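1. model this:
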Amino acid sequence: MKRTKVIDALNSTDYDKKITVMGWVRTHRASKAVDFIALNDGSTIKNIQIVVDAGTVSEDTLKQITTGACIAVDGTLVKSPAQGQASEIHCENIKVFGLCGNDFPMQKKGQTFEYMRQYAHLRLRTNTFGAVMRIRHNMAMAIHTYFHEHGFFYFHSPIITGSDCEGAGQMFQVTTKNLYDLKKDEEGKIIYDDDFFGKTTSLTVSGQLEGELGATALGAIYTFGPTFRAENSNTPRHLAEFWMIEPEVAFIELNDLMDLEEDFIKYCVKWALDHCQDDLQFLNKMIDKTLLERLRSVVDTEFVRLPYTEGIKLLEEAVAKGKKFEFPVSWGMDLASEHERYLVEEHFKKPVIMIDYPKDIKAFYMKINDDGRTVQGTDVLFPQIGEIIGGSVREEDYDKLMGEIERRNIPMKDMWWYLDTRKFGTCPHGGFGLGFERLILFVTGMQNIRDVIPFPRTPKNAEF
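-> Sure, this is the predicted structure:
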């Protein structure tokens with residue numbers, strides 16, 4: 001018989017119909033007269049109840065059906081007399097695909113997320129991680145749908161690159177060289193002539209620079225793919241491998257860029273509320289009881305637009321009134337997460353788009369304001385997360401861009417192609433970057449970024 005997904009069986013009112021469901025056992029309660037098996041196949045957070053009357057299935061088979069076992073059930077879909085579920089299945093036959101012993105690490109009990117990270121290959125079968133991964137899928141769909149509907153083109157920037165977008169230098173090197181026998185020149189530098197690409201190459205930290213090339217040809221593009229940072233950061237907010245969404249738009253000004261950022265993030269959150277209600281209700285109950293309220297508030301509120309200088313004044317006033325921060329507050333500093341969260345969660349109590357940062361704490365490509373001190377950068381700050389989006393209007397003037405590159409001593413020998421966009425038909429343009437996992441953190445209420453990606457890559461951890 002053709003398989004019916006659990007989500008379809010639960011939504012069906014075609015009672016007394018013979019169906020087959022397949023999945024993994026969440027719980028099995030046995031008695032002399034009847035057995036109840038909760039079955040889940042990943043299509044929904046909800047389980048379907050299998051009712052097995054005594055004598056329908058052999059006792060030997062029933063004894064084997066433990067938490068985690070994989071089975072197929074043939075039976076009749078009936079209206080459920082129990083509260084909280086519309087349908088259940090009266091079992092006629094069970095086929096066991098895979099047994100699951102008592103040493104199954106994801107037994108039904110309160111394991112910590114830290115414990116579950118040791119078993120990232122199995123934690124996906126739990127309710128929490130099933131919910132997170134379904135929401136992650138839906139957020140990817142929201143992103144593609146939003147940009148497609150708004151006339152953006154999906155642009156594939158390279159994973160392997162010879163450029164460092166942020167000038168950070170913390171990149172994973174890509175090589176085919178024998179690391180046990182490296183040829184070096186007279187100065188002791190490694191010779192890359194015989195390497196695959198004939199030069200030093202790395203995994204990308206951002207698709208932005210190549211995205212700018214796309215925007216100057218196609219008008220509006222977005223990238224959505226994996227990026228890599230070799231930072232030794234063991235924090236709940238950092239990964240070595242993560243996904244980035246980076247739209248880039250020609251002829252956009254600062255106010256329009258902020259409008260785009262706000263509209264985009266609201267669209268994604270509303271998509272979650274519209275398409276992931278069951279999973280969000282579960283996470284609201286089990287993980288964060290303010291989750292749904294917070295998501296709705298983001299959709300319904302107008303974001304504050306706050307110049308950096310005004311933000312610093314507000315923070316200094318808070319300190320004067322007795323607010324204690326771990327890091328001191330002064331003009332010219334890069335805001336810490338605690339400062340961002342104070343502004344969003346305590347002062348304004350709504351998302352904030354901060355603009356006009358000091359140029360020395362921002363990237364070389366940001367457009368410098370007329371004051372010569374600040375740049376047209378935009379950071380969207382969210383409750384519980386801090387910065388969720390970072391963007392800017394880009395400097396389109398060749399001489400100004402070169403002046404900033406030289407002032408910062410940025411090695412640009414491999415970046416001639418980027419500078420060509422300012423030499424040949426330069427245009428005003430801008431864009432932003434959104435860390436996909438930061439978005440998933442906000443939408444799910446999860447507290448650690450390692451728990452919103454299937455297989456996290458962090459310092460000293462590349463398992464699975």
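2. Could you give me the buried positions within stretch 259-277?
-> 260-262, 264-272, 275-276 (16 or more other C-beta atoms under 10 Å). In short, each C-beta sits where N, CA and C put it, glycine included.
3. which two in those are spaced the farthest apart?
-> Taking C-beta to C-beta as the measure, those span a maximum distance of 23.6 Å, between 260 and 276.
4. Next up, the contacts around the residue nearest to residue 455 when sequence neighbours are not counted.
-> Sequence neighbours aside, residue 464 is the residue nearest to residue 455 in space, at 4.6 Å (criterion: C-beta to C-beta, 6 or more residues apart in numbering). When contacts are counted by C-beta atoms under 8 Å, 6 or more residues apart in numbering, residue 464 is found next to 120-121, 455.
5. Filter the residues you listed down to the buried ones.
-> Burial by neighbour count, 16+ other C-beta under 10 Å: within these this picks out residue 120.
6. hmm, back to that, sort out for me which of the buried residues of stretch 259-277 are in helices.
-> With DSSP state H as the criterion, helices contain 260-262, 264-272, 275 from among the buried residues of stretch 259-277.
7. I figured residue 210 hits residue 160, correct?
-> No - Residue 210 lies out of contact with residue 160 (C-beta atoms under 8 Å); the separation is 11.6 Å.
8. the more surrounded of the two?
-> Of the pair residue 210 and residue 160, residue 210 is the one with more neighbours under other C-beta atoms under 10 Å, namely 22 against 11.
9. Okay, and that one sits in which element?
-> When secondary structure is defined using DSSP states H and E, the element that contains residue 210 is helix 208-218.
10. And the pLDDT at the nearest residue to residue 336 once chain neighbours are set aside?
-> With C-beta to C-beta, 6+ apart as the measure, residue 327 is the residue that lies nearest to residue 336, at 4.6 Å, once sequence neighbours are left out. We have a pLDDT of 95 for residue 327.
11. and if you look at residue 309?
-> The predicted local confidence for residue 309 comes out at a pLDDT of 97.
12. did I read that right, it in a helix?
-> Yes - checked against DSSP: H, G, I helix; E, B strand; the rest coil, residue 309 lies within a helix.
13. For the stretch 1-150 of the chain, which segments count as helices?
-> Per DSSP state H, counting those that start in this stretch, the stretch 1-150 of the chain has helices spanning 6-11, 59-64, 113-117, 120-123, 127-149. These are given in chain order.
14. So for residue 40, which of the ones you listed sits nearest?
-> Nearest to residue 40, of all the helices of the stretch 1-150 of the chain, is helix 6-11, at 6.3 Å by C-beta to C-beta.
15. Which helix or strand contains the spatially most central residue of the chain?
-> The residue lying closest to the centre of the chain (C-alpha atoms, centre = their mean) is residue 437, at 1.9 Å. For residue 437, the element it lies in under DSSP H and E is helix 436-444.
16. which residues touch that helix?
-> Outside of helix 436-444, the residues that reach it under the criterion C-beta under 8 Å, 6+ apart are 131-132, 135-136, 139-140, 143, 224, 237, 239, 242-245, 265, 268-269, 272, 276, 280, 283, 287, 291, 295, 382, 384-385, 387-388, 446-447, 449, 452-453.
17. closest to residue 332 among the ones in helices among the buried residues of stretch 259-277?
-> Each of these was checked against residue 332 using C-beta to C-beta; the closest is residue 261, at 24.3 Å.
18. what's near enough to touch that closest one?
-> Contacts of residue 261 were listed using C-beta under 8 Å, 6+ apart, and they are 353, 378, 380, 389, 391, 432.
19. Mind doing that once more with 6 Å?
-> Residues in contact with residue 261, defined by C-beta atoms under 6 Å, 6 or more residues apart in numbering, are 380, 389, 432.
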